[in-house]
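K.L.:
This is a predicted model, with the sequence first.
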Amino acid sequence: MPQLRPTTLLMSAMLATAIVPAVAAHALAQVIIPTNRNVLVQQNELLQLQNRMLRQQFQQQQQLNRELDRQIVPQPRPQVPVVKPGCQVLGNAILTSCR
């Protein structure tokens, strides 16, 4: 599956958000006292479509959140002071100068 850019995911989520209320309004317009089976089938299909779209929107948002969580921010290297070594003694001989 190709990697989607966050802007693509955001636009898809916004589109889904815009479509869901339209579908929901259409579904509510059909909530009349059903006198035949076709109206009930249409209502169920609309509810299934709405649930599918809400699930897809949720999954896209989760994918965007995971992608944002995975972004690694480079940490600056810590400034560690360099300390000169002290005297090193090997037997009776001094190997480096002492401070």
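P.N.:
Ah, there it is. Residues are numbered from 1 along each chain as shown.
K.L.:
Show the low-confidence segments of this protein, by residue range.
P.N.:
For the chain, applying pLDDT under 70 flags the ranges 1-35, 85-99.
K.L.:
Spell out the secondary structure type for Leu40.
P.N.:
Under the three-state scheme (DSSP: H, G, I helix; E, B strand; the rest coil), Leu40 adopts helix.
K.L.:
tally of neighbours for it?
P.N.:
12 (other Cβ atoms under 10 Å). (C-beta placed from N, C-alpha, C; glycine too.)
K.L.:
Distance-wise, check Pro81 relative to Val39.
P.N.:
Using Cβ to Cβ, to the nearest Å, we find Pro81 at a distance of 79 Å from Val39.
K.L.:
cool, Met53 as well?
P.N.:
From Met53 over to Val39 (counting by Cβ to Cβ), the distance is 21 Å.
K.L.:
one step back: of Pro81 and Val39, which one has the most company?
P.N.:
A count of neighbours by other Cβ under 10 Å puts Val39 above the other of Pro81 and Val39, at 14 against 4.
K.L.:
for the helix or strand encompassing Met53, packing partners?
P.N.:
Counting by DSSP states H and E, the element that carries Met53 is helix 37-70. Contacts defined by 3 or more Cβ pairs under 8 Å, 6 or more residues apart in numbering; DSSP states H and E place helix 37-70 against helix 6-29.
K.L.:
Roughly how far does Glu45 sit from Asn36?
P.N.:
Using Cβ to Cβ, Glu45 is found at 15 Å from Asn36.
K.L.:
neighbour-wise, which of these two wins?
P.N.:
Glu45 (11 against 7).
K.L.:
what separates the more buried one from Met53, distance-wise?
P.N.:
13 Å.
K.L.:
how many neighbours does Lys60 have?
P.N.:
Slight slip there: residue 60 is Gln, not Lys. The burial count assigned to Gln60 is 20, neighbours taken as other Cβ under 10 Å.
K.L.:
Make 11 the first number, not 1, from now on.
P.N.:
Will do, 11 is the new start, and the previous item becomes Gln70.
K.L.:
any idea how far Asn61 is from Glu55?
P.N.:
To Asn61, Glu55 is 11 Å away according to Cβ to Cβ.
K.L.:
I misspoke; the intended subject was Val90.
P.N.:
56 Å.
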